[in-house]
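>>> I'll drop the sequence and a predicted model, then ask my questions.
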Amino acid sequence: MEEIEISTLDLSYEKCRMRSPETEKRLLSSIMETGIREPLQGVNANGRRVLLDGFKRYRCANALKIPIVPYHAMSTDETLGIIELLRMSNAKSLTILEQASLIDQLIKFQKLSQSEISTQLEKSRAWVSVRVGIIEHRFSQA
């Protein structure tokens, strides 16, 4: 990981990624409080830093006028970088039951409230509540 000037990023793939104003609003608030916790990711290809993952963080940093951001180059080849991004997204994806089980652990053993979990995960309270409901429903049928 390195620290780079935000202005050096090539945003060619921004149109390929979904926007979520609500998520961005929560992320903006989080970055104001704690900074950028995960590096933006891309490839260093042909003398360019091409951003592949972290467009919401990029837009938030830009809005907050943060000139230097953490950055991780996944590859020196754009194609390989995109493939790596797709692999990571599949590997990191948890099923809704896995998410629900982990949230249940946070509530029962770490004594976090749904609101605290929502804030920590930068997800809506409804998102957390749905997963809590899945666990409650699952155990009520057992």
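That came through, no problem. Numbers count the residues shown, from 1 in each chain.
>>> Next, count neighbours for Ser113.
12 (other Cβ atoms under 10 Å). C-beta coordinates here come from the backbone N, C-alpha and C atoms, glycine included.
>>> pLDDT at the nearest residue to it once chain neighbours are set aside, what is it?
Of all residues not flanking Ser113 in the chain, Ile107 sits nearest, at 7.6 Å (Cβ to Cβ, 6 or more residues apart in numbering). Note on Ile107: pLDDT of 90.
>>> and what of Leu52?
91.
>>> Now for it, how many residues are close by?
By other Cβ under 10 Å, neighbour count at Leu52 equals 23.
>>> Could you list the buried residues of the helix or strand containing the residue nearest to Ser113?
Element membership of Ile107 [criterion: DSSP states H and E] is helix 96-108. For helix 96-108, the neighbour count (16 or more other Cβ atoms under 10 Å) marks Gln99, Ala100, Ile103, Asp104, Leu106, Ile107 as buried.
>>> The residue lying closest to the fourth one once chain neighbours are set aside: what's it in contact with?
Nearest-residue entry for Asp104: Ile135, 4.6 Å, with adjacent residues in sequence omitted and distances by Cβ to Cβ, 6+ apart. Residues touching Ile135, when contacts are defined by Cβ atoms under 8 Å, 6 or more residues apart in numbering, comprise Ala100, Ser101, Ile103, Asp104.
>>> For the residues you listed, work out which two are farthest apart.
Across the contacts of Ile135, the longest distance by Cβ to Cβ is 7.3 Å; it joins Ser101 and Ile103.
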